[in-house]
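Participant: Structure, please.
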Amino acid sequence: MRRIFLFSIPIVCLSFTPFLSYDPFNVSKFFTISLFGSLIVSALFLQRKEIARSPIGGHSVLIMSFIVWGFISLLFSPISLTDGLFGVPGRHSGYLTYLFLSFYMIAAMYLSSNGFPKNFIKIILATSSIAVCYGFLQVLKLDPVSWSSPPPAAFSTFGNQNFLSAFIGISLVASLGYLFTSKPTKIRKGLFLILILSSLLMMYFTKSSQGYLIFAFGVVVVHMIWTKKSKKYSKYNKFYVTIFFIGIVIVVLDVLQKVPWNSFLYEPSISARGDYWRAAWRTSLDHPIFGVGPDGFFDFYRLNRDFTAVLNRGFEIRADSTHNIFLEFLVSGGVPLFLIFSAIIYSVGKSSLDYIRKSQVFDPIHSGIFAAWLAFLIQALISVSQISLVLVGWILSGILLGYDKMSQVPIPKEKLKLKGFAVVGLATMFGLGVGLPPLLVDAKFRQGISTGNASLLLDISDDWPQSSDRISAIGSILRINNFPQEAIQVLKSGIEFNPRHFEFWRELSLCPGISESEKLYAEMQARRLNPSGTN
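Facilitator: Prediction:
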């Protein structure tokens with residue numbers, strides 16, 4: 001399990017399929033996390049007795065309750081089952097993704113001893129280094145991939161410069177304490193300095209301030225822990241803590257443009273967060289128990305946005321994320337899922353602070369991981385759930401939960417027996433069965449668009465796993481390219497699949513060939529789902 005776990009991290013984070021799929025980033029990451037996540041589940045199953053006897057049993061129950069209620073909300077929420085399982089294309093943050101992430105967290109808890117946290121830091125640092133190298137290829141115009149619409153900055157294998165910047169920042173913070181694990185050699189110091197400088201330079205080329213803020217925050221947190229444990233400087237700790245919180249207040253005020261100087265950190269996207277959060281809150285009030293399902297906010301943003309959001313962002317702008325991890329779970333799984341997730345976060349924070357308080361000396365590995373976890377949490381409060389970032393964040397959570405409890409627990413090493421091979425084989429088949437279909441459908445969708453093959457697009461609309469967003473896109477493409485009857489067929493089947501999807505009704509109302517009564521009914525349904533917009 002340890003080897004599979006560590007090997008999977010760079011594979012998931014760096015995987016992308018630009019020559020195969022329409023979505024070159026997230027669908028491949030979903031495939032890899034499904035495959036390796038299934039193997040992790042099989043390993044946990046084979047060691048279930050040892051885990052049950054270990055000190056992490058209580059935390060495991062809490063995480064399992066997250067899995068169970070997430071499934072209950074999937075069944076009883078208004079979202080279509082397939083949309084909820086796989087999530088919105090381009091995000092893939094549905095139930096299955098969080099199912100595998102939850103088992104990654106449990107595995108990280110169980111493995112967080114015998115040097116595993118240190119090995120994790122090495123892996124995440126190597127992964128970040130590869131991402132940085134590819135980012136420099138993009139900066140130097142040496143990218144082997146010819147992107148049809150490249151972002152205006154380096155994005156590496158993440159598809160978005162903000163994600164790359166945040167990932168680099170979190171990785172650097174996690175590795176801050178690594179230099180202190182033993183007396184560093186000059187070569188080690190030099191290589192680490194080169195890595196830090198090159199990473200900071202890459203953050204500049206991403207044109208995103210997230211990485212700089214995360215790195216600065218992490219440095220301060222690690223330094224505060226070090227001063228607290230230092231006999232020489234511990235007397236200054238209260239002063240450092242005061243300066244730290246004053247700095248946070250200044251940063252927040254600067255971001256919100258509430259400072260007497262011109263803001264350095266404000267970006268127009270900051271204002272959009274308020275629009276998403278108000279719509280998310282209204283959605284949660286309407287569905288407080290089961291929520292609207294994983295990634296269900298996509299179909300409810302237009303319905304619950306206010307007129308201020310329309311004025312700020314326009315009639316046509318849609319949203320597929322609340323841009324806040326707590327609101328995301330409140331909307332997707334209702335108050336119960338929000339409370340369970342909050343309890344997990346509280347447990348991680350409490351376990352970490354308890355360990356820091358009782359430690360007699362500075363623990364650089366724990367300090368770096370704790371600072372990186374805090375940095376991830378802050379980033380997750382204002383951003384979407386991107387698979388690579390969330391994977392790292394949930395692994396950090398698991399390591400911190402088990403760091404103290406599992407430190408003295410020996411993990412047995414056993415060879416796989418015939419039963420074990422059978423379990424691993426079934427898990428591999430399950431992972432392929434879950435992760436491969438979305439990748440294959442997405443690849444066929446790319447082929448259909450690039451060739452303009454109407455019959456292929458028509459076939460894809462029925463392929464499993466179906467997706468509301470992809471079906472409506474196919475209907476729109478067919479309508480625009482003068483295949484009205486095919487478009488009507490696709491859109492009507494889409495309405496049967498998910499009648500709450502606004503794009504189905506709007507596209508149907510625009511199709512030539514439908515009756516006047518059908519057109520009026522489609523327009524009425526579109527207005528119902530988008531009361532503050534236009535058709």
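
Participant: When you work out contacts or count neighbours from here on, use the C-alpha atoms and nothing else.
Facilitator: Noted.

Participant: Isn't Ala174 up against Ile369?
Facilitator: Yes. Counting by CA atoms under 8 Å, Ala174 does reach Ile369; the two are 4.8 Å apart.

Participant: hang on, Phe136 packs against Met203?
Facilitator: No. If you go by CA under 8 Å, Phe136 and Met203 don't touch, sitting 10.6 Å apart.

Participant: Looking only at neighbour counts, state which of the two leads.
Facilitator: Met203 (28 against 20; other CA atoms under 10 Å).

Participant: where exactly do the helices run in the stretch 351-500 of the chain?
Facilitator: 364-380, 387-403, 418-451, 454-460, 468-480, 484-497 (DSSP state H, counting those that start in this stretch).

Participant: I'd like to know which elements the shortest one is packed against.
Facilitator: The criterion is 3 or more CA pairs under 8 Å, 6 or more residues apart in numbering; DSSP states H and E, and the helices and strands that helix 454-460 contacts are helix 418-451, helix 468-480.

Participant: tell me the angle of the first one relative to helix 468-480?
Facilitator: Same thing as helix 418-451. Helix 418-451 runs at 20 degrees relative to helix 468-480, counting by axes from the mean of the first three to the mean of the last three CA atoms, to 10 degrees.

Participant: Now helix 418-451: buried residues?
Facilitator: 423-424, 427-428, 430-432, 434-448 (16 or more other CA atoms under 10 Å).

Participant: Who are the packing partners of that helix?
Facilitator: Checking 3+ CA pairs under 8 Å, 6+ apart, helix 418-451 ends up next to helix 26-46, helix 454-460.

Participant: One more pass at 6 Å, please.
Facilitator: Here helix 418-451 touches helix 26-46, going by 3 or more CA pairs under 6 Å, 6 or more residues apart in numbering; DSSP states H and E.

Participant: Helix or strand next in line after the helix it packs on, which one?
Facilitator: Later in the chain than helix 26-46, the nearest helix or strand by DSSP states H and E is helix 48-53.

Participant: Rounded mean pLDDT for that next one, please.
Facilitator: Mean pLDDT, computed over helix 48-53, is 78.

Participant: I'd like the next helix or strand past it.
Facilitator: Defined by DSSP H and E, the subsequent element after helix 48-53 is helix 57-76.

Participant: gap between the two ends of stretch 475-486?
Facilitator: Length of stretch 475-486, first residue to last, CA to CA, to the nearest Å: 8 Å.

Participant: Got the domain ranges for this protein?
Facilitator: When the chain is parsed with automatic domain parsing, its domains come out as 2-13+21-403, 452-535.

Participant: Output these as JSON lines; include the columns distance to Leu418.
Facilitator: Below are these laid out as JSON lines (distance: least, CA to CA, whole Å):
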{"stretch": "domain 2-13+21-403", "distance to Leu418": "12"}
{"stretch": "domain 452-535", "distance to Leu418": "33"}
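
Participant: Among those, which comes closest to Lys417?
Facilitator: Proximity to Lys417 (CA to CA) singles out domain 2-13+21-403 among the domains of the chain, at 10.2 Å.

Participant: Run the chain-centre distance for that closest one.
Facilitator: Averaged C-alpha coordinates place domain 2-13+21-403 at 7 Å from its chain's average position (CA atoms, centre = their mean, to the nearest Å).

Participant: for Phe100, helix, strand, or coil?
Facilitator: helix (DSSP: H, G, I helix; E, B strand; the rest coil).

Participant: There's contact between it and Gly37 in this structure, I believe.
Facilitator: Yes. Phe100 is within contact range of Gly37, at 5.0 Å (criterion: CA atoms under 6 Å).

Participant: which one of these two has more residues nearby?
Facilitator: Taking neighbours as other CA under 10 Å, Phe100 and Gly37 compare with Gly37 leading, 27 against 23.

Participant: if I read this right, that one contacts Ser102, doesn't it?
Facilitator: No. With contact defined as CA under 6 Å, Gly37 does not reach Ser102; the gap is 9.3 Å.

Participant: can you list residues touching both of the two?
Facilitator: With contacts taken as CA atoms under 6 Å, 6 or more residues apart in numbering, not a single residue reaches both Gly37 and Ser102.

Participant: so where's the stretch 1-150 of the chain uncertain?
Facilitator: By pLDDT under 70, the weakly predicted segments of the stretch 1-150 of the chain are 150.

Participant: tell me which helix or strand of this protein sits lowest on mean pLDDT?
Facilitator: Ranking every helix and strand in the chain by mean pLDDT, DSSP states H and E puts helix 237-255 at the bottom, with a mean of 71.
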